[in-house]
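Sharing a sequence plus its predicted fold:
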Amino acid sequence: MKEAKKQFDDLVARIRDGKTVSFGEAERVYAGAFLGKFLERVVTEASKDKMQQFYRDHLVDSDQAEEYMDRHGEEMELSGSQLSDYALEQISVMSGVLGIRATTKQLSPFIEKALRNQDWELLEKTLALSEEGIMGTGVIDKVALEQLVDGRDDSYQEIKKRFGTISFDEDQVRGAYKRLLYKSDVLKKVRSETGIPIPQELVQEKYETLPAEAPKINWSGGTTFEVLAKLQSATEVAPNVNKKVKDGVVSYFSKANIQSEDLTHCQALFGLYGDEKLAPAVQQALLARGELDLFSELYANSVTKLSESKVKAGCRELSSKDDLGGVYQIAMATGIAPSKQVLKRVYSDLLERNLLRGLDQLSEKVGVNPTYDQETVNRKLDEKSRGMGRSTDMEYFRNLVSMVQRGNCRIPEEYIHRAAKQQLGYSPGLESLSGNFRNDIEAVDGLYQDLGMKPSTEVTAAKVSGLAKELSRRINKLEGGYCK
């Protein structure tokens with residue numbers, strides 16, 4: 001109707017300007033407007049419904065219709081092809097009455113349908129009704145592009161075979177690119193067939209916006225960075241890693257559902273590891289979220305590290321949540337010692353959990369000797385001195401004592417004497433805890449030498465008693481041999 005309105009306005013302008021307008025010209029404008037309005041209505045759903053109703057009311061036998069309903073549970077209907085034929089018949093009649101033909105542009109819904117369905121008979125009927133009698137410009141390339149976009153390669157190739165080289169409309173192709181940015185295979189195909197480049201600004205916009213929008217999107221084609229990597233491969237447009245991109249990446253690692261491979265993909269896309277501003281910002285985001293494995297990986301691979309003050313702040317936050325294992329992990333990854341108070345808690349926790357090797361490794365990594373809560377020290381020495389087993393336990397106990405010594409903590413003598421007595425089997429009813437009593441004595445003597453202490457009288461008595469028992473067993477054994 002826009003074209004008809006323009007023709008009518010031109011007619012009025014000519015009359016206003018005093019120019020001669022023939023009756024035939026005016027008649028043609030009005031006829032064209034009427035036909036245009038008719039064509040708009042004939043392709044509507046309401047018009048199709050009327051055709052279906054007319055078909056059921058006047059062209060279908062009632063008994064046949066009832067039998068069809070009983071069998072199929074629905075009313076008889078014209079097929080899509082029949083509806084098109086019926087509509088074209090109406091257009092033919094109307095054209096005859098008005099004395100004008102519709103243009104291929106006005107008949108484009110039927111032409112496009114014929115091309116999409118490869119219904120060449122419908123195409124011939126439609127063109128025969130048109131004013132031009134041949135395919136209008138813009139129709140073939142529009143439908144061909146649709147087939148490409150929808151992945152209907154067979155249909156596209158048939159159109160290409162029938163109509164030869166297709167000149168695609170650049171604006172239509174660019175519009176298709178916007179819809180295909182996340183379908184890399186189709187994107188490559190359209191780019192190859194049309195020969196129209198993908199606008200760099202269109203791809204750059206996605207580099208700048210998608211990471212920040214990640215929490216709102218549920219990708220089916222992989223993570224956000226995988227989707228962007230596929231986009232880069234399909235378009236061959238490299239990102240300009242500007243401030244918007246960096247802000248989006250930081251936002252992603254701050255809020256999104258992070259995947260283990262995100263760092264690798266982000267590095268490949270945006271050069272994360274070598275970016276002196278982006279890398280520390282992402283490290284801080286990961287640390288704040290408690291994504292400690294990813295933080296450790298990024299910290300190790302980055303040229304520029306998160307500042308010591310921010311690492312310590314992150315450790316304080318973890319400590320406030322009683323995540324002392326997290327503090328340990330960060331300290332081991334960075335080599336940065338937390339504050340004295342936090343570090344003391346971590347050392348005490350490791351001691352409490354009998355992780356002496358981890359305790360030693362942490363001390364070596366951060367370069368700070370361990371310190372502990374005295375309460376923890378007393379509890380562990382009490383626990384271990386009561387549970388002495390074989391000589392290997394004495395070795396552990398000596399290592400425990402050594403670690404406590406490094407922390408300059410007080411070692412109550414009662415725990416040392418008790419451990420020695422347990423090892424020597426002084427407790428009532430117990431024999432020596434090792435198979436060789438002399439080994440027990442050596443282990444006990446080593447413990448006292450480590451501490452610069454003298455054995456208690458009870459420990460000395462246990463040594464004498466044990467040696468006497470061992471001597472007695474040997475004499476009895478020798479006497480038994482002589483008797484034989």
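Cool, the structure landed. It should be emphasised that the depicted structure is a prediction, and the values quoted were computed from it without experimental measurement.

for the longest helix along the chain, which positions count as buried?
For the chain, the helix that runs over the most residues, judged by DSSP state H, is helix 457-483. For helix 457-483, a neighbour-count test (16 or more other Cβ atoms under 10 Å) marks 459, 462-463, 466 as buried. To be clear about C-beta, it is placed using only N, CA and C from the backbone, and glycine gets the same treatment.

can I get these in TSV with pLDDT?
Conversion of the buried residues of helix 457-483 to TSV gives the following (pLDDT from 0 to 100):
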residue	pLDDT
Val459	82
Ala462	79
Lys463	81
Gly466	75
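
between these, which is nearest Gly151?
Val459 (86.3 Å; Cβ to Cβ).

Let me know the helix or strand that the closest residue to Gly446 other than its chain neighbours is in.
Distances taken as Cβ to Cβ, 6 or more residues apart in numbering place Arg398 nearest to Gly446, at 6.6 Å, with adjacent residues excluded. Arg398 belongs to helix 391-406 when assigned by DSSP states H and E.

Tell me which other helices or strands whichever helix or strand comes after that helix touches.
Later in the chain than helix 391-406, the nearest helix or strand by DSSP H and E is helix 413-424. Secondary-structure packing of helix 413-424 (3 or more Cβ pairs under 8 Å, 6 or more residues apart in numbering; DSSP states H and E): helix 374-386, helix 391-406, helix 437-451, helix 457-483.

out of those, which comes closest to Leu362?
Taking these one by one with Cβ to Cβ, helix 391-406 is closest: 11.3 Å.

Output that closest one as PDB - backbone C-alpha positions only.
The C-alpha atoms that make up helix 391-406 are tabulated as PDB, following Å, rounded to 0.1, in the frame of the first residue of the first chain:
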ATOM      1  CA  SER A 391      59.800 -47.200  67.300                       C
ATOM      2  CA  THR A 392      58.400 -45.400  64.200                       C
ATOM      3  CA  ASP A 393      56.000 -43.600  66.500                       C
ATOM      4  CA  MET A 394      58.900 -42.400  68.500                       C
ATOM      5  CA  GLU A 395      60.400 -41.100  65.300                       C
ATOM      6  CA  TYR A 396      57.200 -39.200  64.600                       C
ATOM      7  CA  PHE A 397      57.100 -37.900  68.200                       C
ATOM      8  CA  ARG A 398      60.700 -36.700  67.900                       C
ATOM      9  CA  ASN A 399      59.700 -34.900  64.600                       C
ATOM     10  CA  LEU A 400      56.700 -33.300  66.400                       C
ATOM     11  CA  VAL A 401      58.900 -32.100  69.200                       C
ATOM     12  CA  SER A 402      61.400 -30.700  66.700                       C
ATOM     13  CA  MET A 403      58.600 -28.800  65.000                       C
ATOM     14  CA  VAL A 404      57.400 -27.400  68.300                       C
ATOM     15  CA  GLN A 405      61.000 -26.400  69.200                       C
ATOM     16  CA  ARG A 406      61.200 -24.400  66.000                       C
END
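
Check which residues of that helix are buried.
Buried, per 16+ other Cβ under 10 Å, within helix 391-406: 391, 393-394, 397-398, 400-401, 403-404, 406.

Can you pull out the residues in contact with that helix?
351, 356, 359-360, 363, 369-370, 372, 377, 380-381, 384-385, 387-388, 411, 416, 419, 423, 433-434, 439-440, 443-444, 446-447, 450-451 (Cβ atoms under 8 Å, 6 or more residues apart in numbering).

per the record, what domains does this structure have?
What automatic domain parsing lists as the domains of the chain is 196-305, 307-369, 374-483.

Now do the end-to-end distance for the second one.
End-to-end span of domain 307-369 (Cα to Cα, to the nearest Å): 23 Å.

Can you report the mean pLDDT over the residues of that domain?
Averaging pLDDT along domain 307-369 gives 94.

Centre of the chain to that domain, how far?
Centre-to-centre, domain 307-369 and its host chain are 31 Å apart (Cα atoms, centre = their mean, to the nearest Å).

Ok, the last one next?
In terms of Cα atoms, centre = their mean, the centre of domain 374-483 is found 58 Å from the chain centre.

what do you get for the first one?
Relative to the centre of its chain, domain 196-305 is centred 10 Å away, using Cα atoms, centre = their mean.

Can you check the distance spanned by that domain, start to finish?
43 Å.

List just the nearest of the buried residues of helix 457-483 to Ala281.
Checking those against Ala281 by Cβ to Cβ gives Val459 as the nearest, at 60.7 Å.

Now do the closest residue in space to that closest one that isn't next to it in sequence against Cys409, distance only.
Excluding its sequence neighbours, the residue lying closest to Val459 (Cβ to Cβ, 6+ apart) is Ala420, at 4.6 Å. Using Cβ to Cβ, to the nearest Å, we find Ala420 at a distance of 20 Å from Cys409.

Comparing the two, which residue is more hemmed in?
A count of neighbours by other Cβ atoms under 10 Å puts Ala420 above the other of Ala420 and Cys409, at 29 against 19.

center of this structure, which residue is that?
Thr223 (3.2 Å; Cα atoms, centre = their mean).

Can you classify Val237 by secondary structure?
The three-state assignment at Val237 reads coil, by DSSP: H, G, I helix; E, B strand; the rest coil.

OK, contacts around the residue nearest to Val459?
By Cβ under 8 Å, 6+ apart, the neighbours of Ala420 are 444, 447-448, 455-456, 459, 462.

cool, and Lys277?
Lys277 sits next to 246, 304 when contact means Cβ under 8 Å, 6+ apart.

rerun that using 7 Å as the cut-off
Taking Cβ atoms under 7 Å, 6 or more residues apart in numbering, we find Lys277 in contact with Lys246.

For it, what are phi and psi?
phi -100, psi -40 (degrees, to the nearest 10).

Can you give me the distance of it to Asp262?
From Lys277 to Asp262 the distance is 19 Å (Cβ to Cβ).

Check Ser192 too.
Distance from Ser192 to Asp262, by Cβ to Cβ: 30 Å.

Between the two, tell me which one has more neighbours.
Asp262 (25 against 9).

list the contacts for the more buried one?
Per Cβ under 7 Å, 6+ apart, neighbours of Asp262: 223, 225.

Then the one 5 residues further on?
Gln267 makes contact with Tyr273 under the criterion Cβ under 7 Å, 6+ apart.
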